[in-house]
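Asks: here is a sequence with its predicted model. Questions after.
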Amino acid sequence: MLIKHISGATRIIDASQGYVGLSLRDEPVHCTVNGPATPSMVTAWEPTPDEITRINAGAPVLLRVLGVTHPPVMIEVGEVP
């Protein structure tokens with residue numbers, strides 16, 4: 001997946017943290033567990049042509065979380081540009 005700039009980005013996670021510049025948007029979401037206005041961070045990614053082919057052939061989209069504890073996450077498809 002390729003990192004995309006997300007509309008309305010509020011900050012960039014950058015090389016100072018050891019990663020390639022990643023724009024993210026801080027926004028509250030309604031969570032059925034944590035309630036309304038739960039803080040969240042949203043990033044945007046674009047599948048490569050090879051990944052699109054594999055997704056269309058039924059391959060799953062995988063989410064990898066670094067570390068040994070799994071934070072709550074959400075994964076979804078964004079709006080068509």
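Replies: Alright, I've got the coordinates. Residues are numbered from 1 along each chain as shown.

Asks: contact partners of the helix or strand of the chain with the lowest mean pLDDT?
Replies: Each helix and strand of the chain was given a mean pLDDT (mean pLDDT, DSSP states H and E); the minimum falls on strand 11-13 at a mean of 89. Outside of strand 11-13, the residues within contact range by CB atoms under 8 Å, 6 or more residues apart in numbering are 19, 21-24, 26. C-beta here means a position set from N, CA and C on the backbone, and glycine is covered the same way.

Asks: listing partners with orientation, what would you give for it?
Replies: Paired strands of strand 11-13, with direction, are strand 22-31 (antiparallel) (DSSP bridges).

Asks: so, low pLDDT: which residues of this protein?
Replies: Along the chain, the parts satisfying pLDDT under 70 run over 15.

Asks: now do the helices in it.
Replies: With DSSP state H, the ranges of helices along the chain come out as 49-56.

Asks: ok, which stretches of it are strands?
Replies: For the chain, the strands defined by DSSP state E occupy 2-4, 11-13, 22-31, 35-42, 44-46.

Asks: which residue is the nearest non-sequential neighbour of Val20?
Replies: On the basis of CB to CB, 6 or more residues apart in numbering, the spatially nearest residue to Val20 that is not a chain neighbour turns out to be Ile3, at 6.4 Å.

Asks: partners of that neighbour in the sheet?
Replies: Trp45.

Asks: residues contacting it?
Replies: 20-23, 43-45.

Asks: burial measure for the spatially closest residue to Pro39 that is not a sequence neighbour, as a count.
Replies: The shortest distance from Pro39 to any residue that is not its chain neighbour, by CB to CB, 6+ apart, is 6.1 Å, and that residue is Pro28. As a burial measure, Pro28 scores 11 neighbours (other CB atoms under 10 Å).

Asks: check Ser7 too.
Replies: By the criterion of other CB under 10 Å, Ser7 has 12 neighbours.

Asks: against Ile3, how distant is the residue nearest to it when sequence neighbours are not counted?
Replies: What sits nearest to Ser7 in space, not counting adjacent residues and going by CB to CB, 6+ apart, is Arg25, at 7.4 Å. The span separating Arg25 from Ile3 equals 13 Å under the rule CB to CB, to the nearest Å.
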